[in-house]
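Q: Just to be clear, the model below is a prediction. Sequence and coordinates:
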Amino acid sequence: MQAAGTDTRVVQRIYLSWRTGDGASRRIVGEFWRVEGRVDFKYLLNHRDIFDAVGEGFLGYPDFPFSADSYRDVLPIIARRLVDSDRSDRVKYLEQWNANDEGIDDFDRLALTQAWLTNDRFEFLGEFEPRDGLDFVTDLAGQSHLQHQPGIARPTEVLHFQVEMKPEFEYPVVNVLNSNNVCLGRIKQVHNRLFSHPNIGKYNVSLKLKDAEQNGVLKKLFVEVRVSGK
């Protein structure tokens, strides 16, 4: 239970990711952040990812033409990506992403569900910071490269992680392993920042398999990340 006056918001920032397709590298091209009761957006024009993205065909987010200026009060625009309130499977969908808490707002819900749509290649990746009770779901990166067979991990199986420094990556790589020490994939960009946060040593971090997308071939592994105070 939150103490009186505690900020219950899940994230303060969401990074906009784009890629050309499944298996391609994610490019972090923009940033949304809370400010004075609203949400603003800007492109990360000095980040190496946006140069790579433009070279791969990125034309910008449809509602925000390329600009060096920030866009103000954009939450009503991006909240359209959320699942419709009258959709029959809305509750099940939100439960899958641990996003069914009525106390969170649309910005948090965008971060928790990643705001996936079937007709574009954007992901909304929340920058989670350690706090007692943090609980979110992430899909592991690297599935198309590893090409694991279905059943490599059991439903609700407890997993563990290893943090690895690699010079080609801006943040440490977080490898996720099953009980047999087989690497199942990596925590995806932005979500991996939690594991190297300066205060993470004050918390316990546990992982377990939430779900798998498979139909003869393993496509996605969804992992639940839980943080609790020591």
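A: Structure's in. What do you need?

Q: how about low-confidence regions in this structure?
A: For the chain, residues meeting the criterion pLDDT under 70 lie at 1-8.

Q: isn't residue 77 right up against residue 63?
A: Yes. Using C-beta atoms under 8 Å, residue 77 makes contact with residue 63 at a distance of 5.2 Å. The C-beta positions use only the backbone N, C-alpha and C, and glycine is treated the same way.

Q: which of the two has more neighbours?
A: Between residue 77 and residue 63, counted using other C-beta atoms under 10 Å, residue 77 has the larger neighbour count: 15 against 11.

Q: so how far is residue 214 from that one?
A: 34 Å (C-beta to C-beta, to the nearest Å).

Q: Repeat that for residue 106.
A: Counting by C-beta to C-beta, the gap from residue 106 to residue 214 is 31 Å.

Q: domain ranges for the chain?
A: The record assigns the chain these domain ranges, following automatic domain parsing: 6-127, 132-230.

Q: For the protein, just list every one of the helices.
A: With DSSP state H as the criterion, the chain has helices at 48-55, 75-78, 90-96, 106-113, 143-146.

Q: wait, which of those helices is closest to residue 189?
A: Ranking those by proximity to residue 189 (C-beta to C-beta) places helix 48-55 first, at 9.0 Å.

Q: What lies in contact with the closest one?
A: Residues from elsewhere that reach helix 48-55, judged by C-beta atoms under 8 Å, 6 or more residues apart in numbering: 18, 25, 27-29, 43-44, 58.

Q: what about burial for these, which qualify?
A: Buried members of those, scored by 16 or more other C-beta atoms under 10 Å, are 18, 27-29, 43-44, 58.
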